[in-house]
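Trainee: Sequence first, predicted model second:
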Amino acid sequence: MENYDSIFTEQEKPDAKSFDPFNKEAWAQRKQADRQTAFTLIDETAQDIAQDGEMFRSCLDVMARFDRYSVGNILLLTNQKPEAVKLADFDTWKKSNCFIKKGENGILLLEPGEEFRREDGSVGVNYNVKRLFDISQTTSRQQSAPQTNYDMRLLLKSMLRHAPCPIVISENVPENIGAVYDAAEKKILVRQGMDGPEIFRSLGQELAHAHFDKGNYNRANHAFSGYCVAYTLCKRYGVDTANFHFHTMPASFQSMDAKAIRSEVSKIRDCTNQISMDMSRVLNKRPKERTDNGR
């Protein structure tokens, strides 16, 4: 009978050189390089959306879907995967029994880490790099996020209930204007006889102006931002946006530097989210009709 005992003593030892020890310094350098890449990409994207109306629209679309994302991550997503609808990291997708398709690259985003104190005494935040994957980059059968359809009457009631100022029907609103914020009277006037989507679009814009009015108000200074808030609200709640156009960006916007552009995008995001939060106080109390188009 053949003796197999020798196989336990004759095994080849692994080549120690084939296993690279963890190099903490190299890892830290890679992370720092990724952070710098992200910061550079944020500034470049900010400059790009100020010149390209369709890219700016894509930025607002991302903002509508990812309401909790920072402006920096909204810009990063606009640059890398503007059509994304549902994001998670590699491990989270794996736990859901979904796997990343071969050849797909992770989407570079930033998450806040530990705070630190600068030499001048101010507090800063260290940002960590993370890479996420959209559901379209996975083997999941559901390639789109479930949609929530709201009754239009309920949507309009939610806009009225917790508005920052009175909203009234008026016979004095011109035919070519849906609604207007009266800064002197601190109220919104709405034209009679409009259909639901038209009222929603008009109210979204004028609610933005009401929120922007912090004293010494000048409507012209907020005209484009108010328009963008109305568009983003329509995208978020499934109201038709065919009447919105971004073919030409305002000259004032085009001349801004990256920091100023981020500030304007932040203003649009914060105002949109504030109106959404006010609306949710009504919408979350009512049943919603869910439609899953991915099945």
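Mentor: Thanks, I have it. This one's a predicted model, so the numbers in the text were calculated from it and none came from an experiment.

Trainee: who's in contact with residue 114?
Mentor: Contact analysis of residue 114 by Cβ atoms under 8 Å, 6 or more residues apart in numbering lists 125, 126. Yep, even glycine has a C-beta here, placed from its N, CA and C like the rest.

Trainee: 481 is where my numbering starts, stick with that
Mentor: I'll keep to 481 as the first residue from here, and by that count the last item is residue 594.

Trainee: So it lies in a strand, does it not?
Mentor: Yes - judged by DSSP: H, G, I helix; E, B strand; the rest coil, residue 594 forms part of a strand.

Trainee: What does the residue nearest the centre of the chain show for phi and psi?
Mentor: Nearest residue to the geometric centre of the chain (Cα atoms, centre = their mean): residue 543, 2.7 Å. With angles defined as degrees, to the nearest 10, residue 543 sits at phi -60, psi -40.

Trainee: Could you check which helix or strand contains residue 515?
Mentor: helix 504-531 (DSSP states H and E).

Trainee: Could I get the buried residue list for stretch 526-543?
Mentor: 526, 528-530, 535-543 (16 or more other Cβ atoms under 10 Å).

Trainee: just these now: which is nearest residue 627?
Mentor: residue 541 (14.2 Å; Cβ to Cβ).

Trainee: what sits against that closest one?
Mentor: 562, 715.

Trainee: The helix or strand in which it is found: how far from the chain's middle?
Mentor: For residue 541, the host element (DSSP H and E) is helix 533-545. Its chain's C-alpha centre lies 8 Å from the corresponding centre of helix 533-545 when counted by Cα atoms, centre = their mean, to the nearest Å.

Trainee: Name the next helix or strand downstream of it, please.
Mentor: Criterion used, DSSP H and E; the element after helix 533-545 is helix 551-560.

Trainee: And that following helix, what does it pack against?
Mentor: Contacts defined by 3 or more Cβ pairs under 8 Å, 6 or more residues apart in numbering; DSSP states H and E place helix 551-560 against helix 504-531, helix 533-545, strand 587-597, helix 738-763.

Trainee: Only alpha carbons, please: show the helix holding residue 541 as PDB.
Mentor: Taking Å, rounded to 0.1, in the frame of the first residue of the first chain, the C-alpha atoms of helix 533-545 are listed here in PDB:
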ATOM      1  CA  GLY A 533     -26.900  74.700 -18.900                       C
ATOM      2  CA  GLU A 534     -27.700  71.000 -19.500                       C
ATOM      3  CA  MET A 535     -25.000  69.900 -17.100                       C
ATOM      4  CA  PHE A 536     -26.400  72.400 -14.500                       C
ATOM      5  CA  ARG A 537     -29.800  70.700 -15.000                       C
ATOM      6  CA  SER A 538     -28.200  67.400 -14.300                       C
ATOM      7  CA  CYS A 539     -26.800  68.800 -11.100                       C
ATOM      8  CA  LEU A 540     -30.300  69.800 -10.000                       C
ATOM      9  CA  ASP A 541     -31.600  66.400 -11.000                       C
ATOM     10  CA  VAL A 542     -29.000  64.800  -8.700                       C
ATOM     11  CA  MET A 543     -30.000  67.300  -6.000                       C
ATOM     12  CA  ALA A 544     -33.600  66.300  -6.300                       C
ATOM     13  CA  ARG A 545     -32.900  62.600  -5.800                       C
END
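
Trainee: The residue nearest to the centre of the chain against residue 554, yeah?
Mentor: Yes - with contacts counted by Cβ atoms under 8 Å, residue 543 reaches residue 554, the gap being 5.4 Å.

Trainee: quick one: common contacting residues for these two?
Mentor: With Cβ under 8 Å, 6+ apart, residue 543 and residue 554 have common neighbours 745, 749.

Trainee: Flag the shaky bits of the stretch 531-680 of the chain, pLDDT-wise.
Mentor: The stretch 531-680 of the chain contains residues with pLDDT under 70 at 624-626.

Trainee: In what element of secondary structure is the nearest residue to residue 658 once chain neighbours are set aside found?
Mentor: Once flanking residues are discounted, residue 658 sits nearest to residue 682: 2.9 Å by Cβ to Cβ, 6 or more residues apart in numbering. Assigned by DSSP H and E, residue 682 belongs to helix 676-692.

Trainee: export that helix as PDB, just CAs?
Mentor: Coordinates of each C-alpha in helix 676-692 appear next as PDB, following Å, rounded to 0.1, in the frame of the first residue of the first chain:
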ATOM      1  CA  GLY A 676     -52.500  71.700 -10.500                       C
ATOM      2  CA  PRO A 677     -49.000  71.400 -12.100                       C
ATOM      3  CA  GLU A 678     -48.900  75.100 -13.000                       C
ATOM      4  CA  ILE A 679     -49.800  76.100  -9.500                       C
ATOM      5  CA  PHE A 680     -47.100  73.800  -8.100                       C
ATOM      6  CA  ARG A 681     -44.400  75.200 -10.400                       C
ATOM      7  CA  SER A 682     -45.500  78.800  -9.600                       C
ATOM      8  CA  LEU A 683     -45.800  78.300  -5.900                       C
ATOM      9  CA  GLY A 684     -42.400  76.500  -5.700                       C
ATOM     10  CA  GLN A 685     -40.700  79.500  -7.200                       C
ATOM     11  CA  GLU A 686     -42.500  82.100  -5.000                       C
ATOM     12  CA  LEU A 687     -42.000  80.100  -1.800                       C
ATOM     13  CA  ALA A 688     -38.300  80.200  -2.600                       C
ATOM     14  CA  HIS A 689     -38.500  84.000  -2.800                       C
ATOM     15  CA  ALA A 690     -40.400  84.200   0.500                       C
ATOM     16  CA  HIS A 691     -37.600  82.100   2.100                       C
ATOM     17  CA  PHE A 692     -34.900  84.200   0.500                       C
END
